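[1] give me a model of this one.
(one chain, ligands or ions: 2)
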Amino acid sequence: MAAAASSEEAVKAAKVLMVGAGGIGCELLKTLALSGFSDIHIIDLDTIEVSNLNRQFLFRQSHVGQSKAKVARDAVLKFRPNINITPYHANVKDSKFNVEFFKQFNVVLNGLDNLDARRHVNRLCLAAEVPLVESGTTGFLGQVTVHVKGKTECYECQPKPVPKSYPVCTITSTPSKFVHCIVWAKDLLFAKLFGDRNQDNDLNVRSNDDSGSKTDVFERNVDEDLPQYAQRIYDHVFGYNIETALANEETWKNRKKPYPIYIRDALPEDAVQRNGSSRDHKNEEHEPSATVSLGLRNPQEIWSLADNSRVFLEALKLFFEKREKEIGNLIFDKDDQLAVEFVTAAANIRASSFGIPPHSLFEAKGVAGNIVHAVATTNAIIAGLIVIEAIKVLKGDYQNYRMTYCLEHPSRKMLLMPVEPFEPNKSCYVCSETPLVLEVNTKTTKLREVIDKVIKSKLGMNLPLVMVGATLVFEDGEGLEPDEAANYALNLEKVLAELPAPVVNDTKITVEDFQQELKCSINIKHRDEFDEEKEPDGMVLAGWSGPVDKQVNSNGDKRSVPSSSSADDIDSTAEDIPVKPGMKRKLNEILESQENFDALQNQSDVGSSSAQVVEDDDDDIVMLDEDPKQGKKKRLQ
Ligand SMILES: Nc1ncnc2c1ncn2[C@@H]1O[C@H](COP(=O)(O)OP(=O)(O)OP(=O)(O)O)[C@@H](O)[C@H]1O
Ligand SMILES: [Zn+2]
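    Ligands and ions are numbered 1, 2, ... in the order given. Take a look at the predicted model:
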């Protein structure tokens, strides 16, 4: 498109692709239509849910269950009947949305909610050489970034944050916030009682029983009935373990001491006996629920210690009574009512021990599920900013591209902070040709491990092909001949050095994903030993801009308890703000008010990256000029 085109002409002539018709997508489609765009394609894989209606204003109750892309189109055509909107009720990762498909558009606009799809669209936009405007929101925070091949960084040029993790000792011994109690309840206690028993767990499993035996107190004794078992677990985790921790005086020198809670302190004897015996018949028909059994119907209410104790005992019992088959395989899920009840009660009892205020079931569910409540206004603002950047892109006005952050509190009287985009990262494996380096023991590591842990998991390839020199050693996907497939299956189980084309020190391998049109080289460096704790994969990939998590606790112990949400759950890239090299100081400028830092900090408390985990080791510092409206950056030596 000619650089001199007026905005109006550029908009009229444009063919745009929107990916995602959710919170941002609905606002975006409406704004595009009202701004004069007349050829819009929308991809969304989902159908409308009741929970979408509070902010996705193109949808109504009667649309629940229908395709988001199609209903969004119909809703907008009602007030803009003469424009073309083409909906696709499909996953953007489908092979039909290939490079040729992407090439037909002048710009692609993302309104997605997960890293995987964002990375996929980034790769296709690079291959098709179509500019991408990327966006994300989390509560009051949001951001819009522009990615144009060769001119600005791509979406994957910089590391992405991983969900926040906490030092093990904070979780196991010295919680100071409610979220620490929640992480303890779901990632340690829930996992220990109902999850995979063989997984490492930092809970103390020994008791001081007379025999001094080494048995795991979480094992149920043969002669023990369920109420007895539940009470024993209660006394162990809230009573005995706290007493054991108190014995370590050093820990409590500068901290408030916790107090142990035994069931006899929390509930009178007869209440323990009667607990849950009022079980009503509703529980027989519905999913088992401790709050239903106990008549605690208001999820906003903050329970007393006695009520939390009753819920704890009842939920534990219900798991063993009603969901026995799942025990050993359960993973905490915020949509599992009984799991949320158990975790809320356990977290509250622990909080009570440590003098931390208790929370309601509703609040605890939000913390446990990393839920940040969406703000419709933020989505609307972000959609407007996407359209502003899209118009600049269409006009070829690249001098004026801006990444814009939407803040929670005004900084220099501004809520929207524009910043000039970064240049492409020369060592990005996605948008540059720079090879990656993989340190690995080539004599003991199987090809399967490299494919699973590096090529699929870190590089995000779906259907990879692996070449060693001119030899194809692995290929994924449909359409393989049976003998080819058998051959590749054999290769998967071979160690690298014994592949038909051996992979040893200094071998260069090429990996490619045709669907993503991504090809990159990996230089192999053989190494004999890996540190089990620091390098648990048994291999180290360098030059990769994957998730960052640099949290180290005060003892220098790098192990940490991750909050169990996946990176995919991060609803936006708003948390990316502090993670860009050189951005921390710039952010100090941008977020000059304490409230903005607190807002980001609070984001991290519910499960994403935080400003704290960033090391500002890049000397290419970027700062705002005096007049932030210019959004100009200075490079300092
Ligand atoms: N791979 C994908 N292909 C197509 N659409 C996708 C893909 N991944 C996510 N989406 C869509 O992106 C949209 C993101 O919107 P949003 O963040 O508001 O999520 P939501 O699912 O509508 O709401 P919530 O997650 O809060 O219930 C969703 O409509 C989702 O279906
Ligand atoms: Zn890049």
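
[2] residues touching the closest residue to ligand 1 within the chain, list them.
    At 1.9 Å from ligand 1, residue 22 is the closest residue in the chain, using C-beta to the nearest ligand atom. All C-beta spots, glycine's among them, are computed from the backbone N, C-alpha and C. Neighbouring residues of residue 22 by C-beta atoms under 8 Å, 6 or more residues apart in numbering: 44, 46, 52, 56, 68, 111, 113.

[3] beta partners of the first one?
    Put plainly, it is residue 44. Here residue 44 sits in beta bridges with residue 89, going by DSSP bridges.

[4] okay, now the sheet partners of the host helix or strand of residue 407, with direction.
    Per DSSP states H and E: residue 407 is located in strand 403-411. Taking DSSP bridges as the criterion, strand 403-411 forms sheet pairs with strand 141-147 (antiparallel), strand 414-419 (antiparallel).

[5] next one: the residue of the chain closest to ligand 1 from residue 333, what distance?
    According to C-beta to C-beta, to the nearest Å, residue 22 and residue 333 sit 21 Å apart.

[6] and residue 130, by the same measure?
    Note on residue 130: its distance to residue 333, by C-beta to C-beta, is 37 Å.

[7] which one of these two has more residues nearby?
    The residue with more neighbours, out of residue 130 and residue 333, is residue 130; 23 against 13, by other C-beta atoms under 10 Å.

[8] check contacts around the more buried one.
    102, 103, 105, 106, 107, 108.

[9] please apply the same query to residue 539.
    Per C-beta under 8 Å, 6+ apart, neighbours of residue 539: 438, 439, 440, 441, 445, 449, 450, 453, 454, 530.

[10] tabulate those (JSON lines), appending distance to ligand 2, pLDDT and neighbour count.
    Formatted as JSON lines, the contacts of residue 539 follow (distance: C-beta to the ion, whole Å; pLDDT from 0 to 100; neighbours: other C-beta atoms under 10 Å):
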{"residue": "438", "distance to ligand 2": "19", "pLDDT": "95", "neighbour count": "26"}
{"residue": "439", "distance to ligand 2": "22", "pLDDT": "96", "neighbour count": "18"}
{"residue": "440", "distance to ligand 2": "24", "pLDDT": "96", "neighbour count": "25"}
{"residue": "441", "distance to ligand 2": "30", "pLDDT": "96", "neighbour count": "16"}
{"residue": "445", "distance to ligand 2": "28", "pLDDT": "96", "neighbour count": "21"}
{"residue": "449", "distance to ligand 2": "26", "pLDDT": "95", "neighbour count": "17"}
{"residue": "450", "distance to ligand 2": "22", "pLDDT": "96", "neighbour count": "26"}
{"residue": "453", "distance to ligand 2": "22", "pLDDT": "93", "neighbour count": "17"}
{"residue": "454", "distance to ligand 2": "18", "pLDDT": "94", "neighbour count": "23"}
{"residue": "530", "distance to ligand 2": "28", "pLDDT": "92", "neighbour count": "17"}
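
[11] just put those in a markdown table and tack on secondary structure.
    Below are these laid out as a markdown table (DSSP: H, G, I helix; E, B strand; the rest coil):
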| residue | secondary structure |
| --- | --- |
| 438 | strand |
| 439 | strand |
| 440 | strand |
| 441 | coil |
| 445 | coil |
| 449 | helix |
| 450 | helix |
| 453 | helix |
| 454 | helix |
| 530 | coil |
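
[12] pick the one among those residues closest to residue 415.
    residue 454 (41.1 Å; C-beta to C-beta).

[13] hmm, residue 541 and the closest one touching each other?
    Yes. Counting by C-beta atoms under 8 Å, residue 454 sits close enough to residue 541 to count as a contact (5.6 Å).

[14] name the residues contacting each of the two.
    Shared contacts of residue 454 and residue 541 (C-beta under 8 Å, 6+ apart): 438, 522.

[15] any chance of the contacts of residue 22 in CSV, plus neighbour count?
    CSV is the format used below for these (neighbours: other C-beta atoms under 10 Å):
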residue, neighbour count
44, 27
46, 15
52, 21
56, 26
68, 27
111, 27
113, 20
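
[16] now, these that are in helices?
    Secondary structure from DSSP state H places residue 68 of the contacts of residue 22 in helices.

[17] got a list of what residue 90 touches?
    Counting by C-beta under 8 Å, 6+ apart, residue 90 touches 43, 45, 96, 97.

[18] would you mind measuring from it to ligand 2?
    The gap separating residue 90 from ligand 2 is 26 Å, by C-beta to the ion, to the nearest Å.

[19] tell me the residues of the stretch 1-150 of the chain that contact ligand 1?
    Neighbours of ligand 1 within the stretch 1-150 of the chain, by C-beta under 6 Å from any ligand atom: 20-23, 25, 43-46, 51-52, 68, 91-93, 112-114, 117.

[20] ok, 5 Å please
    The stretch 1-150 of the chain comes close to ligand 1 at residues 20, 22, 23, 44, 45, 46, 52, 91, 92, 112, 113, 117, as judged by C-beta under 5 Å from any ligand atom.

[21] swap in the chain?
    Counting by C-beta under 5 Å from any ligand atom, the chain sits next to ligand 1 at 20, 22, 23, 44, 45, 46, 52, 91, 92, 112, 113, 117.

[22] residue contacts, the fourth one?
    When contacts are counted by C-beta under 8 Å, 6+ apart, residue 44 is found next to 19, 20, 21, 22, 25, 67, 68, 69, 72, 87, 88, 89.

[23] repeat that for 7 Å
    20, 21, 25, 68, 69, 89 (C-beta atoms under 7 Å, 6 or more residues apart in numbering).

[24] would JSON lines of those residues with pLDDT be doable?
    Putting the contacts of residue 44 into JSON lines (pLDDT from 0 to 100) gives the following:
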{"residue": "20", "pLDDT": "98"}
{"residue": "21", "pLDDT": "98"}
{"residue": "25", "pLDDT": "98"}
{"residue": "68", "pLDDT": "98"}
{"residue": "69", "pLDDT": "98"}
{"residue": "89", "pLDDT": "98"}
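
[25] go through the residues you listed and say which is closest to residue 425.
    Nearest member of the contacts of residue 44 to residue 425, counting by C-beta to C-beta, is residue 20, at 25.2 Å.

[26] so the closest one sits right up against residue 110, yeah?
    Yes. Using C-beta atoms under 7 Å, residue 20 is in contact with residue 110, at 6.4 Å.

[27] so where's the stretch 151-300 of the chain uncertain?
    Along the stretch 151-300 of the chain, the model assigns pLDDT under 70 to residues 161-163, 208-214, 272-285.

[28] strands of that one, start to end?
    Using DSSP state E, counting those that start in this stretch, the strands of the stretch 151-300 of the chain run over 165-167.

[29] near ligand 2, which residues of the stretch 401-550 of the chain?
    Residues of the stretch 401-550 of the chain lying near ligand 2 by C-beta under 5 Å from the ion: 428, 430, 431.

[30] now render those residues as JSON lines, adding distance to residue 83.
    Converted to JSON lines, those look like this (distance: C-beta to C-beta, whole Å):
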{"residue": "428", "distance to residue 83": "37"}
{"residue": "430", "distance to residue 83": "34"}
{"residue": "431", "distance to residue 83": "33"}
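
[31] from those residues, which single one is nearest residue 218?
    Using C-beta to C-beta, residue 430 is the member of these that lies nearest residue 218, at 44.9 Å.

[32] does the closest one count as helix, strand or coil?
    Applying three-state DSSP: residue 430 is coil.
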